[in-house]
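K.L.:
sequence below, structure please.
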Amino acid sequence: MSRHDKIIAWIFSTLLLSIGIYYGFNQQKFPLNSQQSGLPIVYAQDSGDPCLSPVVIKSSVSITSITTATTTSIIPVSATTSINVCGYLIVSNSTTTTNTIQFEYGTGAACSSPTVLSSAMPNGVLPLIFTPGSTGTQFIAPSGNGICIVSTVGSTPTITGYMTYVRRGV
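P.N.:
Residues are numbered from 1 along each chain as shown. I've put the predicted structure just below:
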């Protein structure tokens, strides 16, 4: 290490020590939010696709064992946020007749007044895994709506999986 490098290292360590002593003795915390640091806060609604953003926290919900032909609420209704579905993985299994699943959004616990988001996806009689073929937002439910799966079932059906999503303020 050259003499110049040693001087730079000493100056840098002295500066860090001084900052640490100042904040320690004054019992102050380092600035962590925009009001203290002057840096802007990035919100989900300020970015392009929240599903592609590394700073937007995603939520996931489990799809647990759908065994009847029904409409199943996956993500509940929120009056103040829309839902961007980022991805899903659905495993559909039936022994002799086809299951189908279809995504929709609507109001209420069982997606009343539904709007269809996908075509019906059949599995045949072999287990089949459904997952989107691309990254980013797969579909969006406007505020005041939830996401549901509409299922038709074959013999001894099981439909399971998970869905990842982001709620965005309106």
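K.L.:
now the strands for this structure?
P.N.:
According to DSSP state E, the chain carries its strands in the segments 59-66, 71-75, 81-93, 100-107, 112-116, 121-122, 128-130, 139-141, 146-152, 158-169.
K.L.:
buried residues of the last one, list them for me.
P.N.:
Using 16 or more other C-beta atoms under 10 Å as the burial criterion, the residues of strand 158-169 that qualify are T158, I159, G161, M163, T164, Y165, V166, R167, R168. C-beta coordinates here come from the backbone N, C-alpha and C atoms, glycine included.
K.L.:
is it possible to get JSON lines of those residues that adds pLDDT?
P.N.:
Listed next are those as JSON lines, based on pLDDT from 0 to 100:
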{"residue": "T158", "pLDDT": "85"}
{"residue": "I159", "pLDDT": "88"}
{"residue": "G161", "pLDDT": "91"}
{"residue": "M163", "pLDDT": "93"}
{"residue": "T164", "pLDDT": "93"}
{"residue": "Y165", "pLDDT": "94"}
{"residue": "V166", "pLDDT": "94"}
{"residue": "R167", "pLDDT": "93"}
{"residue": "R168", "pLDDT": "89"}
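K.L.:
ok, of the residues you listed, which one's closest to I90?
P.N.:
Nearest to I90 among those, counting by C-beta to C-beta, is G161 at 4.0 Å.
K.L.:
distance of the closest residue to Y105 other than its chain neighbours from N93?
P.N.:
Among residues not flanking Y105 along the chain, A141 sits closest, at 3.5 Å (C-beta to C-beta, 6 or more residues apart in numbering). According to C-beta to C-beta, to the nearest Å, A141 stands 27 Å off from N93.
K.L.:
got the domain boundaries for the chain?
P.N.:
If you go by automatic domain parsing, the domain ranges for the chain are 3-37, 58-169.
K.L.:
how about low-confidence regions in this protein?
P.N.:
Within the chain, the ranges that satisfy pLDDT under 70 run 1, 4-47, 125-126, 170.
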